[in-house]
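Trainee: Quick one: sequence and predicted model below, then my questions.
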Amino acid sequence: MADPRVLLVDDEVEFLEPMKARIERRGIACNTATNGEDALRALARERFDCAVVDVRMPGMDGIELLRRIRRDFPSVAVVLLTGHASVELGVQGMDLGAFEYLLKPIELDDLLDTVRRAVAQQA
Amino acid sequence: MAQPALSPYRRLRGQMFLVLLCFGYVPLIVMGAAGLMANREAAEARMRNVLEAMVKNRRATVELFLETTRRQLELVAASSSVEQLSLPTFLEALLDQMRHDNGPIVDLGLIGDTGRYLAYAGPYRVEGLDYRDQGWFHEVLVLGRHESDIFLGLRRFPHMVVAVKKREAGRDWIVRATIDTDILSGLVREGGLESGADVFILNRAGEYQTKYSDSHRLMEKAECGPQPLHSGVRVTVGRQDGRRQLIATTWLRGDSWVLVAIQRAPGLAALLGGQSAVAALLAVGLVLVPVLSHVIARHRLRQIRGLERERAALYESVAQDQKMAAIGRLAAGIAHEINNPLAIIQAQAGVMADMLADDPASRSCSEFRERIGKIEAQVERGRKVTHRLLGFSRRVGHESEPVDVAAAIDETLSFVEKELESLRVRIVRDYAADVPIVRSNLSQMQQVFLNLVNNALDAVGDGGEVRIGVSNKERGVAVSIADNGPGIPPADLARVFEPFYSTKGGAGRHSGLGLAICQEIMRSLGGRIAVESNVGVGTTFSLWFPSGHERGDEGGVAGS
């Protein structure tokens, strides 16, 4: 299986920048976006296999972004990754078609493992 | 004395007692009084009838007595000649005969139209008496007869006179007799013997004509005074010494005498005595009402206090729930805010580790790597705290499923296998065979087990012993986790389930949330958790899980 292409969406650059570096170091193509609109533009521009989306973001939040991705880019698997865990959000996310609901902080290997499974299921 | 806290209750009980007493006594007394009144009226009506009949009867008796006496005298006058009557021996013989028949006549005399005795038989001395100027003398001469009131007269002794005129040879004589007033008094008194009434005769002036007892004297003014004239029998109600009395009067002998009967109304005792059932009922009521009032007041008060306690407990439980919810929200908020920086620290440290991994030649590499490892370890520690906080704040639940409790415990123990080995703690399993499968939430149950087992391991330390029991209890499963550690002092024991309350010092993974989470989970599972501890002996946590089969899927998602 070819390594997947991942889009990382989070409003904190401090988080995005090292994560992108670490993911790419493991041979996985990774782009970042700091908000929902940018993420949707990136998805429209390039092909991605998986989007890792923060839930709480200024402007369009992760749940809304998830809804749009499932509608406009159904081939892209979505993993929710957030520090703001709540059962409702988790249930809502899963209902809307998220592959998994993960809680920060998370070991990189665990995250990538989830991403691979998400992509595998999507394929 | 009572505790001060009891005094409002005591006062309330006193008030309640008094109110109940009033409620009991007022109707009882009103009914009793009404009954007595009715009773008295009935008794008085009865008495009135008896008095009326008695007075009529006495009037007839007295009139008959007087008439008989007069007729006797008339017979004497008619059947004997003046010549015979003038003979004292004849008169003596006549008087003897009359007295022999127990007649009322005391003496007998023949009086000429001069007003002087021509002959006399009797106990008094009559020589020289002259009736010429006396009213009755002329009354006899004109009307033919006379009956006097009781009077002292010339004999200076209360007596009554009956006289009739005898006409012979164109001249008038008078046959005169004195009547024994005691016999008349006796006749009248007799009527009151049965009923206990005072019966006597008064003249128009209100003077006693007969005696109703030996203590008073004839011709004295009666206490009741002169009576008004009326026909037939009249009964009035009077009062003497504060007591009601019935007074029956009837006039007789041509309205010159009045027969009076006075009877005192029956007293309370007499009225009650006549109605022993009512009296007994009243007495029982008077005794029972305070007793019942006391019992009811106490009972009601106990209920009130019970309700108060229940309400206090409810308040406490609600307050506890609110506290837990508030803490949950706070915990979640803190966890959220810390998770993001933790994620960044982790990512940054990760990048550094990656960079070092790319440049293994660097000399200081290994130390850097070591220190980055420490950063990552601390991030992991922070993560555990925040995740635990979140676990506490959300009462997450998946669907309930059939759970073999013993198997769940064994699986939980496998998580801590390594720790068990290094600590050399002995685990003693005491599983009953008949334990049913329960419907519950496996992962939540295991979280509870893990918390309690970890606590036990911390408590016993190296070389200790932890006993785990599983048994069938109350349509559910009971689990006990007992350690032989140092135990928990009573003061701490009461607070072990409070969030953030920890006796283990701040170090390591002990957030003080473990037992609070356990309690929360047990509550959401519909179970119970309790702790028992003796200092120096050990601590036992007891859990109980409902079988859950009749409860449906209550253990499902319970959002917060």
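Mentor: Right, received. Where do you want to start?
Trainee: In terms of helix, strand or coil, where does residue 109 fall?
Mentor: By default, I'm working from chain A. helix (DSSP: H, G, I helix; E, B strand; the rest coil).
Trainee: Tell me which residue of chain A lies closest to chain B.
Mentor: In chain A, no residue comes nearer to chain B than residue A:83, which is 3.1 Å away by Cβ to the nearest Cβ. For every residue, glycine as well, the C-beta is placed using N, CA and C.
Trainee: thought that residue was touching residue B:333?
Mentor: No. Residue A:83 sits out of contact with residue B:333 when judged by Cβ atoms under 8 Å, with a separation of 11.0 Å.
Trainee: more crowded one of these two?
Mentor: Here residue A:83 and residue B:333 are set side by side on neighbour count (other Cβ atoms under 10 Å in any protein chain shown), and the busier one is residue A:83, at 23 against 13.
Trainee: show me what contacts that one?
Mentor: When contacts are counted by Cβ atoms under 8 Å, 6 or more residues apart in numbering or on different chains, residue A:83 touches A:56, A:103, A:104, B:335, B:336, B:337, B:338, B:339, B:340, B:342, B:343.
Trainee: What spatial separation is found between it and residue B:381?
Mentor: 16 Å (Cβ to Cβ, to the nearest Å).
Trainee: that older thread, if we take the contacts of residue A:83, which one ends up nearest to residue A:15?
Mentor: residue B:343 (5.8 Å; Cβ to Cβ).
Trainee: Backbone dihedrals for residue B:539, please?
Mentor: phi -130, psi 140 (degrees, to the nearest 10).
Trainee: since we're on it, how many residues are nearby?
Mentor: With other Cβ under 10 Å as criterion, residue B:539 counts 24.
Trainee: Specify the beta-bridge partners of it.
Mentor: residue B:483, residue B:533 (DSSP bridges).
Trainee: show me what contacts it?
Mentor: Neighbours of residue B:539 in contact, by Cβ under 8 Å, 6+ apart: B:456, B:459, B:482, B:483, B:485, B:487, B:488, B:531, B:532, B:533.
Trainee: How much space separates it from residue B:12?
Mentor: From residue B:539 to residue B:12 the distance is 43 Å (Cβ to Cβ).
Trainee: now residue B:165: how far from residue B:34?
Mentor: Distance, residue B:165 to residue B:34, by Cβ to Cβ: 63 Å.
Trainee: More neighbours: these two, which one.
Mentor: When neighbours are counted by other Cβ under 10 Å, residue B:165 and residue B:34 differ, and residue B:165 comes out ahead with 20 against 10.
Trainee: mean confidence score for the helix or strand the more buried one falls within?
Mentor: Assigned by DSSP states H and E, residue B:165 belongs to strand B:159-168. Average pLDDT, strand B:159-168: 88.
Trainee: Show me what that strand packs onto, helices and strands only.
Mentor: Using 3 or more Cβ pairs under 8 Å, 6 or more residues apart in numbering or on different chains; DSSP states H and E, the elements in contact with strand B:159-168 are helix B:7-79, helix B:82-86, helix B:135-143, strand B:145-151, strand B:171-179, helix B:181-193.
Trainee: now for the ones you listed, which one comes closest to residue B:295?
Mentor: helix B:7-79 (9.5 Å).
Trainee: Contact partners for residue B:176?
Mentor: Residue B:176 neighbours (Cβ under 8 Å, 6+ apart): B:108, B:109, B:110, B:111, B:161, B:162, B:163.
Trainee: would the first one count as being in a strand?
Mentor: Yes. Inclusion of residue B:108 in a strand is indicated when three-state DSSP is applied.
Trainee: From residue B:134, how far off is it?
Mentor: 18 Å.
Trainee: Mind telling me which residue of chain B is nearest chain A?
Mentor: Closest point on chain B to chain A, by Cβ to the nearest Cβ, is residue B:339, at 3.1 Å.
Trainee: What does the pLDDT read for the closest residue to that residue other than its chain neighbours?
Mentor: The shortest distance from residue B:339 to any non-neighbouring residue, by Cβ to Cβ, 6 or more residues apart in numbering or on different chains, is to residue A:83 (3.1 Å). Residue A:83 is assigned 83 on the pLDDT scale.
Trainee: got it, and the one 4 residues further on?
Mentor: pLDDT for residue A:87: 69.
Trainee: next one: the one 3 residues further on
Mentor: We note a pLDDT of 81 for residue A:90 in this prediction.
Trainee: show me what contacts it?
Mentor: A:80, A:101.
Trainee: Is it located within a helix, as I assumed?
Mentor: Yes. The assignment for residue A:90 is a helix, going by three-state DSSP.
Trainee: Check which residues of the strand holding residue B:165 are buried.
Mentor: Neighbour-count burial for strand B:159-168, counted by 16 or more other Cβ atoms under 10 Å in any protein chain shown, picks out B:159, B:160, B:161, B:162, B:163, B:164, B:165, B:166.
Trainee: Same check on stretch B:327-337?
Mentor: So, applying 16+ other Cβ under 10 Å, buried residues of stretch B:327-337: B:327, B:328, B:331, B:332, B:335, B:336.
Trainee: for chain A, what are the nearby residues on the stretch 301-450 of chain B?
Mentor: B:332, B:335-340, B:342-348, B:350-351, B:354, B:358, B:379, B:382-383, B:387, B:390, B:394, B:396 (Cβ under 8 Å from any Cβ of the partner chain).
Trainee: Okay then, goodbye and thanks.
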